[in-house]
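> how does the following fold in three dimensions:
(one chain, ligands or ions: 1)
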Amino acid sequence: MVIKDVSLEIVCGVSSRLPETTLPEVAFAGKSNVGKSSLINALMNRKSLARTSSQPGKTQTINYYNINHALYFVDLPGYGYAKVNEKVKAQWGKMVENYLHGSGQLRQVFHLIDIRHAPSENDRTMYDWIVKSGYHPVLIATKLDKLKRSQIQGQLKLIRTGLNADKNTVIVPFSAETKQGREEIYGILDGILND
Ligand code: GDP
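Alright, predicted model coming up:
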């Protein structure tokens, strides 16, 4: 896939209704700071269109990027930021649940996990939630460049076992620095578009 044309088309806040879109959607989920904006920017070939870091206190939104007028990248708000209060957590849950259950166009969920760490409790909850919503997420192990080559296989195994993901679950190691893994993700997107 060659991404030529991108625009942030829809920003959906906590009290807005989900847009009625007609293009297929792929969603990106992950804890704050996992590298979600960096991944989305790398896929779109943009330096900073996707906001970096869902900092506490920032409005939580679901952002729809129109890609080549062919599909949407749906950037879900990040989770797991230690300092957010219960109200913000509840809003996050409502938004994400509403999206996972309400989108008629969602074809694939990319769930991002930092390759350096075992999945957290929040990661497991998110993963189970995606699965219970009827999706089989593709895992993206982010920040690949931060590991030594000899550590990679062990960490990927830790992610798979930590999430209790079955052996068919695809895990794509990815680096926003080197762009390693990007072609594999484009391949998955091509598969969705040709479906
Ligand atoms: P988000 O909160 O999930 O959107 O995370 P960001 O994309 O803002 O990334 C959080 C931090 O991790 C930033 O300082 C990024 O520069 C850094 N980061 C993201 N991806 C990578 C990566 O692949 N390699 C390295 N070395 N740093 C990364």
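> can you pull the contacts of Lys167?
If you count contacts by Cβ atoms under 8 Å, 6 or more residues apart in numbering, Lys167 has them with Arg160. (C-beta placed from N, C-alpha, C; glycine too.)
> ok, now with 6 Å
By Cβ atoms under 6 Å, 6 or more residues apart in numbering, no residues touch Lys167.
> for the ligand, see how far away it is.
Distance, Lys167 to the ligand, using Cβ to the nearest ligand atom, to the nearest Å: 26 Å.
> parallel or antiparallel, list what pairs with the helix or strand where Phe110 lies.
If you go by DSSP states H and E, Phe110 is part of strand 106-114. In the sheet, strand 106-114 lines up against strand 25-30 (parallel), strand 138-142 (parallel) (DSSP bridges).
> give the buried residues for the shortest one.
Of the residues in strand 138-142, those buried by neighbour count under the rule 16 or more other Cβ atoms under 10 Å are Val138, Leu139, Ile140, Ala141, Thr142.
> middle-most residue in the protein, spatially?
Phe28 (1.9 Å; Cα atoms, centre = their mean).
> which SS class is Trp92?
Three-state assignment for Trp92 (DSSP: H, G, I helix; E, B strand; the rest coil): helix.
> dump the residue contacts of it.
Contacts of Trp92 by Cβ under 6 Å, 6+ apart are Gln60, Pro77.
> with Ala70 instead?
Per Cβ under 6 Å, 6+ apart, neighbours of Ala70: Leu193.
> now it. Its backbone dihedrals?
The phi/psi pair for Ala70 (degrees, to the nearest 10) reads phi -120, psi -30.
> measure it to Val26 for me?
For Ala70, the distance to Val26 equals 11 Å [Cβ to Cβ, to the nearest Å].
> low-confidence ranges in the chain?
Low-confidence segments of the chain, defined by pLDDT under 70: 52-59, 82.
> can we see that at 90?
Within the chain, the set of residues satisfying pLDDT under 90 comprises 13-17, 46-60, 79-94, 195.
> hang on, the earlier thing: quick check: which of the buried residues of strand 138-142 are also close to the ligand?
Counting by Cβ under 6 Å from any ligand atom, Thr142 from the buried residues of strand 138-142 sit close to the ligand.
> which one of the buried residues of strand 138-142 sits closest to the ligand?
Nearest to the ligand out of the buried residues of strand 138-142 is Thr142 (Cβ to the nearest ligand atom; 5.5 Å).
> these two touch, right, that closest one and His111?
No - judged on Cβ atoms under 6 Å, Thr142 makes no contact with His111 at a distance of 10.5 Å.
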